[in-house]
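K.L.:
Compute the structure for the input listed below.
(one chain, ligands or ions: 1)
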Amino acid sequence: MEIKVIAARPEQLKPKPADEGNLGFGDIVTDHMFLMDWEKGKGWFNARIEPYHALAIDPAAMALHYGQEIFEGLKAYRGKDGSIYLFRAGENYVRMNRSAARLCMPELDIDFVLEGTKKLILQDREWVPRSRGTSLYIRPTMLATEPHLGVRPANGYLFFIIIGPVGAYYKEGLNPVKIHVEDRYVRAAVGGTGEAKTAGNYAASLLAAEEAKKKGFTQVLWLDAAHRKYVEEVGTMNMFFVIDGEVITAPLTGSILPGVTRDSVIQIVKHWGLKMTEKSLAIEDLIGAAESGRLKEAFGTGTAAVISPVGQITFRGKDFIVAGGKMGDLSQRLYNEIVAIQYGEKEDPYGWRAKIA
Ligand code: COI
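P.N.:
Model prediction:
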């Protein structure tokens, strides 16, 4: 399929952010977007890059009523010499196809959407920010557009990609965050949609996060839905702990999002010869390790923040300080390693980086 390009007219171009130090996350979008449509019996068609614009959606579009919506988050990075790199982009589209299967939505041709992603970035290449710590966030999205109010998988979908320059996801940046162990609300249950990147999971997480924020926490630490016992994710990120020299993260049992950064951390930790274990960790064991000083580090991983160190865990009103409230050594080393690969500053033994310009 050909990708038709309608370039924005000069008067449609937006001003680029003047200060890359203050980009924040998620407020700025570029001049263009990628779109394509899907219909039952026809497949994907009408791939195009157009000036960024609002969507006309039928009020009866099924995504608005029954939540058939999936998305991805990935980034492009600019190296010191001006090159532009993608990081493990194919993995995001593989995951998007798994999300699509779970939500009864059509799968994508991965090579084709990668081509569309690159073409869109190159169209808006001047928007890829230049400072270390900034990047171009890429948000592929798919939603059910067929107007119909009966509950069943839709027969029509829209796929689009929007992109925008971003800085740090959390205002704390790399300063450790305080997290609250959530033992009332749950994010996802095994057998549900927790391992799919779908809007409803994020909607389900908002109330707990808002209540935690009111109490001064940045995020919540989720426990498993069946027992409220095993540690799962932190906010919208995967979670890692370093206990007695062992790096631990929750296994992918169905309620955990299979994060690309999670997988990168696992591979790097193993590559460094450290002990890396995917296993269920009971909150009592985590708290016991924190009390006895065996919990050396805790950090979240995600595309948006890369590594987000945790400096305090609060469980049933009791605060536990982690790594003296500072960023731990391993967290810092992992951050440096991943970011250096992303920006093309060091060799990439894993084959994760793809130069696109
Ligand atoms: C991430 O990249 O860590 C996320 O999942 C956050 C994103 C939904 C903004």
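
K.L.:
quick one, what contacts Leu23?
P.N.:
Leu23 sits next to 17, 129, 134, 165-167 when contact means CB atoms under 8 Å, 6 or more residues apart in numbering. (Glycine included, C-beta is placed from N, CA and C.)

K.L.:
Just list whatever residues bridge to Ala249.
P.N.:
Quick fix: residue 249 is Thr, not Ala. Taking DSSP bridges as the rule, Thr249 bridges to Phe240, Glu278.

K.L.:
what's around it, how many residues?
P.N.:
Thr249 is flanked by 24 other residues according to other CB atoms under 10 Å.

K.L.:
got a list of what it touches?
P.N.:
Contacts for Thr249 were tallied using CB under 8 Å, 6+ apart; they are 238-241, 262, 265-266, 277-278.

K.L.:
What does the pLDDT read for it?
P.N.:
Note for Thr249: predicted pLDDT of 98.

K.L.:
and the gap between it and Arg125?
P.N.:
With distances taken as CB to CB, to the nearest Å, Thr249 is found 35 Å from Arg125.

K.L.:
ditto for Ile268
P.N.:
Ile268 is 29 Å from Arg125, by CB to CB.

K.L.:
Ok, Ala203 next?
P.N.:
From Ala203 to Arg125 the distance is 34 Å (CB to CB).

K.L.:
higher neighbour count, those two?
P.N.:
Comparing Ala203 with Arg125 by other CB under 10 Å, the one with more neighbours is Arg125, at 16 against 10.

K.L.:
Tell me how many other residues crowd the closest residue to that one other than its chain neighbours.
P.N.:
Excluding the flanking residues, the one nearest Arg125 by CB to CB, 6 or more residues apart in numbering is Ala357, at 6.1 Å. Neighbour count for Ala357, taken as other CB under 10 Å: 13.

K.L.:
Distance-wise, check Ala357 relative to the ligand.
P.N.:
Look at Ala357 and the ligand: by CB to the nearest ligand atom, to the nearest Å, they are 23 Å apart.

K.L.:
do you know how far that residue is from Tyr230?
P.N.:
From Ala357 over to Tyr230 the distance is 44 Å, taken as CB to CB.

K.L.:
cool, Ala199 as well?
P.N.:
Counting by CB to CB, the gap from Ala199 to Tyr230 is 25 Å.

K.L.:
So the two - more neighbours on which side?
P.N.:
Legend: neighbour count by other CB under 10 Å for Ala199 and Tyr230, higher for Tyr230 (21 against 17).

K.L.:
ok, now which ones touch that one?
P.N.:
By CB under 8 Å, 6+ apart, the residues touching Tyr230 are 223-224, 250, 280-283.

K.L.:
what about stretch 68-84 and the ligand, any contact?
P.N.:
Yes: using CB under 6 Å from any ligand atom, stretch 68-84 reaches the ligand at Gly73.

K.L.:
Pipe the contacts of Thr249 into TSV and attach pLDDT and neighbour count per row.
P.N.:
Formatted as TSV, the contacts of Thr249 follow (pLDDT from 0 to 100; neighbours: other CB atoms under 10 Å):
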residue	pLDDT	neighbour count
Asn238	98	24
Met239	98	27
Phe240	98	25
Phe241	98	25
Arg262	98	23
Val265	98	26
Ile266	98	19
Thr277	98	14
Glu278	98	14
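
K.L.:
export these to CSV and tack on distance to Gly173?
P.N.:
Listed next are the contacts of Thr249 as CSV, based on distance: CB to CB, whole Å:
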residue, distance to Gly173
Asn238, 19
Met239, 19
Phe240, 18
Phe241, 21
Arg262, 20
Val265, 19
Ile266, 24
Thr277, 29
Glu278, 28
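
K.L.:
Please tabulate those residues in TSV, including the columns distance to the ligand.
P.N.:
Formatted as TSV, the contacts of Thr249 follow (distance: CB to the nearest ligand atom, whole Å):
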residue	distance to the ligand
Asn238	8
Met239	12
Phe240	13
Phe241	18
Arg262	10
Val265	13
Ile266	16
Thr277	22
Glu278	19
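
K.L.:
got the residues of the stretch 151-300 of the chain near the ligand?
P.N.:
By the rule CB under 6 Å from any ligand atom, the part of the stretch 151-300 of the chain lying against the ligand is 236-237.

K.L.:
shaky segments in the stretch 151-300 of the chain?
P.N.:
In the prediction, the stretch 151-300 of the chain carries no residues with pLDDT under 70.

K.L.:
For the ligand, give me its nearest residue in it.
P.N.:
Across the stretch 151-300 of the chain, the shortest distance to the ligand (CB to the nearest ligand atom) belongs to Thr236, at 4.0 Å.

K.L.:
next one: the chain
P.N.:
Closest point on the chain to the ligand, by CB to the nearest ligand atom, is Gly302, at 2.1 Å.

K.L.:
neighbours around the closest residue to that residue other than its chain neighbours, how many?
P.N.:
With sequence-adjacent residues excluded and distances taken as CB to CB, 6+ apart, Gly302 is closest to Met237, at 3.9 Å. Using other CB under 10 Å, the number of residues around Met237 comes to 25.

K.L.:
How about Ala209?
P.N.:
Residues near Ala209, counting by other CB under 10 Å, number 20.

K.L.:
thought it was touching Val234?
P.N.:
No: counting by CB atoms under 8 Å, Ala209 sits too far from Val234 to count as a contact (10.6 Å).

K.L.:
what residues are shared contacts of these two?
P.N.:
Common contact partners of Ala209 and Val234 (CB under 8 Å, 6+ apart): 219-220.

K.L.:
Count the neighbours of Arg102 for me.
P.N.:
16.

K.L.:
Understood, closing this out.
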